[in-house]
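K.L.:
Here is a sequence together with a model predicted from it:
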Amino acid sequence: MSLNLFIIGPSGCGKSTQAKLIAQKYNLKHFSMGQLFRDEIAAGSQIGTQVKSYLDQGVPVPDQTTCDLLAGHLQQIGNQNFIVDGFPRLLGQGKFIDDYLAASGHPASLVIHLKVDFLEIIKRRQKMGQDFQEKDRTDNTPEAIANRQKVLYENNIAPILDYYRQKNQLFEVDGNRPIEPIFADIAQTIDKLI
């Protein structure tokens, strides 16, 4: 059975950290939606140019662009045994990827939602802003963080959570804690799937 996982939550909640640990433990391919975007921008591709203009404005990249980019990468690994962090961010993206994976014969296994308080996010983001890896981000100002939190997350998360809850594919975890207990809770849930 293939293990196809998605991990979502507000920007700066630790999705990538958890996704890397999960990928390592279960031998999955890890895709970060944000990194895929940054790679396209760095390559100066047509998609990259479009993506950059949306990110600079702090608005969501259109579903079609996002889904096509991700589907292309999933196709390269046979649409199985992966974890994607930072996707889906909009309900339309969730429905698209569900249909895409179901058609490939490897449906989504689980969507993990990291629940983190807004103040904790601000604290983490500002710390990350000082990290080397994050220096290429133009969106770490407190204003951009607040806008991203509001526009990209709070306004869109409820329908996504409801959708996966109804499909019995949602696992919500308290992300305000240290890395290890969060990972332990997630691993326990994944173990029940395999």
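P.N.:
Sure thing, it's come through.

K.L.:
Report the next helix or strand after the lowest-mean-pLDDT helix or strand in the chain in sequence order.
P.N.:
Sorting the helices and strands of the chain by mean pLDDT, DSSP states H and E puts helix 142-148 at the bottom, at a mean of 66. Counting by DSSP states H and E, the element after helix 142-148 in chain order, helix or strand, is helix 157-166.

K.L.:
Let's see that following helix as CSV, backbone CA atoms only.
P.N.:
Output in CSV follows, covering the C-alpha atoms of helix 157-166 (Å, rounded to 0.1, in the frame of the first residue of the first chain):
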residue,chain,number,x,y,z
ILE,A,157,-8.6,26.5,6.3
ALA,A,158,-12.1,25.6,7.6
PRO,A,159,-13.5,24.2,4.3
ILE,A,160,-10.3,22.1,3.8
LEU,A,161,-10.5,20.7,7.3
ASP,A,162,-14.2,19.9,6.9
TYR,A,163,-13.6,18.3,3.6
TYR,A,164,-11.0,15.9,4.9
ARG,A,165,-12.8,15.3,8.2
GLN,A,166,-15.8,14.1,6.2
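
K.L.:
what angle separates the following helix or strand past it from helix 157-166?
P.N.:
For helix 157-166, the following helix or strand on the C-terminal side (DSSP H and E) is strand 170-174. Relative orientation of strand 170-174 versus helix 157-166 (axes from the mean of the first three to the mean of the last three Cα atoms, to 10 degrees): 120 degrees.

K.L.:
Could you list the paired strands of strand 170-174 along with their orientation?
P.N.:
strand 110-115 (parallel) (DSSP bridges).
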